[in-house]
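Colleague: Test case, fold it:
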Amino acid sequence: MSSKMQFNASTGKYDLIVGGKVVTSSNNASFVQRMLNIVQTAVSTSATLEDGTTEKGIQVSGIITGEGGLGKSYTIMKTLKANNMVDVSDISKFPAGSVLGSNTFIRVKGYSTAKGLYRTLYENNGRVIVLDDCDSVLVDKVALNLLKGALDSYDERIISWNADIKDDDLPRSFNFTGRVIFISNMAKSQFDQALRTRSMMVDLEMTAAQKVERMEYIITSDDFLPEVETEVKRMALDFIDSNKDSIADLSLRTLTTVIKLVVAGGNWEEMAEYLIC
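Modeller: Numbers count the residues shown, from 1 in each chain. Alright, predicted model coming up:
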């Protein structure tokens, strides 16, 4: 699926076009370019040949970083699914004996030890592995060494666990053929230098105005609070837009909070101003 940024002379805005459809527009070219980078990271990280083998020259890892609540996870998950990738994070949803090929991905969220990471890489070899807010593996020296081996540029990416293995089902080493996407709130400078050089890195920072533009795109999505009417979402967004410069921690979570207040009714504007401004 192709993706590109294109200037629209009729509107005077820059459009992000994915698969022939405009998914967001902005007067700010750098904002659209960052959105494009996120899409391309997810697409390139999941790219495989028709026979399931890894395509040469495609980055095996992507890092999406930036403050929380910017929709990083939302964008990555939606883009992977838009590229016909199947989420197998909850294996219980699939019948026993199901054949899950290379067009699958798993999302790992939360804490993991180095040993847990080794098991995740082994059990999901060949897949796209999304490590979402799994920052423990980014600061653990043993886990970092595993990741450096798994994401190296060699044709064979052998990773090893030479400590005692009590689990008979885990080998001491194997050739990792999968791909990894990191989603983190950590600053770019906090990432290990070797990991940065092995990855396509998107450092997502937005101004308040750009965050509002991002929210404007998201409220039009069918899978964002589908039970809430569009008019209600628009009321919440208009309130946020009018107060964006006084909101200390503006994020998509702010939008969700205000929408819930609008739904609750009453003097929601006064309550919203008290809670977020």
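
Colleague: What is the least confident helix or strand in this protein?
Modeller: One helix or strand of the chain scores below all others by mean pLDDT, DSSP states H and E: helix 29-45, with a mean of 72.

Colleague: Please name every helix or strand in contact with the very next helix or strand once past that one.
Modeller: Note on helix 29-45: by DSSP states H and E, the next helix or strand toward the C-terminus is strand 61-65. Applying 3 or more CB pairs under 8 Å, 6 or more residues apart in numbering; DSSP states H and E, we find strand 61-65 packed against helix 29-45, helix 72-82, strand 179-184, helix 193-197, strand 200-203. C-betas here are computed from N, CA, C, even on glycine.

Colleague: how close does Cys277 get to Ser242?
Modeller: 10 Å (CB to CB, to the nearest Å).

Colleague: Then Asp203?
Modeller: Here Asp203 is placed at a distance of 29 Å from Ser242 (CB to CB).

Colleague: Which one's more surrounded, the two?
Modeller: Legend: neighbour count by other CB atoms under 10 Å for Asp203 and Ser242, higher for Asp203 (14 against 11).

Colleague: so who does that one touch?
Modeller: Counting by CB atoms under 8 Å, 6 or more residues apart in numbering, Asp203 touches 65-66, 188.

Colleague: Please name the bridge partners of it.
Modeller: Residues in a beta bridge with Asp203, per DSSP bridges, are Thr65.

Colleague: can you start the count at 12 instead of 1 from here on
Modeller: OK, 12 is where the count begins now, so the last one is Asp214.

Colleague: per-residue confidence for it?
Modeller: You'll see Asp214 listed with a pLDDT of 80.

Colleague: same thing with Ile270?
Modeller: Model confidence at Ile270, given as pLDDT, is 95.

Colleague: what's around it, how many residues?
Modeller: 24.

Colleague: And for the one 5 residues further on?
Modeller: By the measure other CB under 10 Å, the count of residues near Ala275 is 9.

Colleague: what separates it from Met282, distance-wise?
Modeller: Counting by CB to CB, the gap from Ala275 to Met282 is 8 Å.

Colleague: quick check, distance from stretch 205-223 to the centre of its chain.
Modeller: A distance of 11 Å separates the centroid of the chain from that of stretch 205-223, by CA atoms, centre = their mean, to the nearest Å.

Colleague: Sweet, I'm off.
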